[in-house]
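Engineer: below is the structure, and that's it, no one-letter string:
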Ligand SMILES: NC(=O)c1ccc[n+]([C@@H]2O[C@H](COP(=O)([O-])OP(=O)(O)OC[C@H]3O[C@@H](n4cnc5c(N)ncnc54)[C@H](O)[C@@H]3O)[C@@H](O)[C@H]2O)c1
Ligand SMILES: O=c1ccn([C@@H]2O[C@H](COP(=O)(O)OP(=O)(O)O[C@H]3O[C@H](CO)[C@H](O)[C@H](O)[C@H]3O)[C@@H](O)[C@H]2O)c(=O)[nH]1
């Protein structure tokens, strides 16, 4: 049996492919390389360059391989872009996910694991958010993901498709052995941008908002190391293979760090002050969003190994150095 990983050339998907090939699974990656990199896919996996909305291609791949699961990472991920181009986001994230799901059901693939997001919760109070909180996304990105969760629930009820949707909080860091990391050139994520600044690739880091109702006035987020996030996917796969119930799980550590905490961690790890500039709030940022994180541990048996902000930053910084060398042709 093989596993189909969509978006397996992207940041998070490429870490999943690495974990799967390391445990001896047969992996096929489907990726259109719109933001992913072919070289991020481990050579043991088969890379098919194509689109998850291409029905004929999906039918062909699914007939050629016996998949027991689809792990679906492919999608568009930039929240402000989704505000500017909602229909583009609904097409790539919702409509094409429907096509992927329909082909999987048609081909009799029993299991589906989906990359959802904390953005489905929308603006939340400062305390941890649990999975049973009614979702209220405030961006088309969050809404596009929530609709896909709904299609999974309905497909489970109607066709018996087993599914797990994982709602990621703030994913960061890279493979602890430095083989892969976050490589998208125009990334907007705080830890990535802070590491680029630490290496002199950006002049300064802008801190978006210092007047939030939080202990130091900057936003709090629940940063999760990408390898721990991937461990939750592997646990989800094992759980579904054992006949576990379908469901939705938050993926975070349950602890919030402020933007200033992240800056201090980068300074500690890099051993130099980071040039920062205080800037106005960025539109659409909630003051704090921290995972209620018990369910994924209790039900899937998830045991994180890298629950440490400095370690997350260290792996992100190491990767950024390697990427700079690669981009310079070194
Ligand atoms: N990065 C985060 O902090 C974060 C947080 C919450 C959820 N997520 C979700 O995790 C998933 C992966 O995110 P990422 O950070 O790795 O992003 P990424 O952009 O690095 O990866 C997405 C991958 O999907 C591919 N892709 C996009 N549209 C496609 C299509 N129509 N057909 C085939 N391939 C397509 C891209 O080429 C890329 O390789 C996304 O679904 C995203 O919404 C990410
Ligand atoms: O240059 C920067 C970049 C970010 N920030 C701040 O750092 C925090 C984290 O911002 P990120 O852009 O790293 O992440 P978000 O919390 O905005 O978004 C993340 O969580 C969302 C759900 O809430 C989505 O899932 C999204 O894909 C994921 O990246 C925010 O307060 C932001 O204002 C800065 O101050 N300066």
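Structural biologist: Good, I have the coordinates. Everything numeric here is computed off the predicted structure, so don't read it as measured data. Numbering: from 1, shown residues only. Ligands and ions are numbered 1, 2, ... in the order given.
Engineer: drop to CA atoms for contacts and neighbour counts, all remaining ones
Structural biologist: OK.
Engineer: against residue 278, how distant is the closest residue to residue 276 other than its chain neighbours?
Structural biologist: Of all residues not flanking residue 276 in the chain, residue 205 sits nearest, at 4.6 Å (CA to CA, 6 or more residues apart in numbering). Distance of residue 205 to residue 278, computed by CA to CA, to the nearest Å: 8 Å.
Engineer: more neighbours, the two?
Structural biologist: Using other CA atoms under 10 Å, the more surrounded residue of residue 205 and residue 278 is residue 205, with 20 against 11.
Engineer: residues of the protein that sit close to ligand 2?
Structural biologist: For the chain, the contact set with ligand 2 under CA under 6 Å from any ligand atom comprises 77, 117-119, 169-170, 188-190, 193, 205-208, 219, 259, 282, 285.
Engineer: tell me the mean pLDDT over the helix or strand where residue 310 lies?
Structural biologist: Using DSSP states H and E, the element containing residue 310 is helix 309-327. What helix 309-327 shows for mean pLDDT is 96.
Engineer: find the nearest non-adjacent residue to the residue of the stretch 1-150 of the chain at minimum distance from ligand 2, please.
Structural biologist: At 3.8 Å from ligand 2, residue 119 is the closest residue in the stretch 1-150 of the chain, using CA to the nearest ligand atom. Leaving aside its chain neighbours, residue 119 sits nearest to residue 142 (4.7 Å; criterion: CA to CA, 6+ apart).
Engineer: ok, residue 197 next?
Structural biologist: Closest to residue 197 by CA to CA, 6+ apart is residue 204, at 5.8 Å.
Engineer: how near is that neighbour to residue 156?
Structural biologist: Applying CA to CA, the value for residue 204 to residue 156 is 48 Å.
Engineer: okay, those two: which has more neighbours?
Structural biologist: residue 156 (19 against 16).
Engineer: how about the residue nearest to the more buried one when sequence neighbours are not counted, what does it touch?
Structural biologist: Spatially, and ignoring its direct neighbours in sequence, residue 156 is nearest to residue 162 (5.9 Å; CA to CA, 6+ apart). With contact taken as CA atoms under 8 Å, 6 or more residues apart in numbering, residue 162 is in contact with 110-112, 156, 240, 245-246.
Engineer: list the buried residues for the helix or strand where residue 101 lies?
Structural biologist: For residue 101, the enclosing helix or strand under DSSP H and E is helix 96-106. By 16 or more other CA atoms under 10 Å, the buried positions in helix 96-106 come out as 96-101, 103-105.
Engineer: please apply the same query to stretch 83-100.
Structural biologist: 83, 86, 88-100.
Engineer: is any part of that stretch close to ligand 1?
Structural biologist: Yes. Using CA under 6 Å from any ligand atom, stretch 83-100 reaches ligand 1 at residue 92.
Engineer: start to end distance for that stretch?
Structural biologist: The first and last residues of stretch 83-100 sit 24 Å apart, counting by CA to CA.
Engineer: what is the mean pLDDT for it?
Structural biologist: 97.
Engineer: roughly how far is it from the heart of the chain?
Structural biologist: 17 Å (CA atoms, centre = their mean, to the nearest Å).
Engineer: my read is that residue 280 contacts residue 206, right?
Structural biologist: No. Judged on CA atoms under 8 Å, residue 280 makes no contact with residue 206 at a distance of 9.0 Å.
Engineer: the helix or strand where residue 71 lies packs against which elements?
Structural biologist: For residue 71, the enclosing helix or strand under DSSP H and E is strand 67-72. Strand 67-72 is packed against strand 2-6, strand 111-117, with contacts defined by 3 or more CA pairs under 8 Å, 6 or more residues apart in numbering; DSSP states H and E.
Engineer: that strand and ligand 1 in contact?
Structural biologist: No. Applying CA under 6 Å from any ligand atom, one finds strand 67-72 separated from ligand 1 by no less than 7.1 Å.
Engineer: before we move on, the earlier item: part of a helix, is the residue of the stretch 1-150 of the chain closest to ligand 2?
Structural biologist: Yes. In this structure, residue 119 lies within a helix as judged by DSSP: H, G, I helix; E, B strand; the rest coil.
Engineer: how about the nearest residue to residue 235, chain neighbours excluded?
Structural biologist: Closest to residue 235 by CA to CA, 6+ apart is residue 300, at 5.8 Å.
Engineer: same question for residue 58.
Structural biologist: Nearest residue to residue 58, sequence neighbours excluded (CA to CA, 6+ apart): residue 103, at 6.6 Å.
Engineer: kindly report the same for residue 206.
Structural biologist: residue 277 (4.8 Å).
Engineer: roughly how far apart are the one you found and residue 190?
Structural biologist: 13 Å.
Engineer: and these two? Which one has more around it.
Structural biologist: Between residue 277 and residue 190, counted using other CA under 10 Å, residue 190 has the larger neighbour count: 17 against 12.
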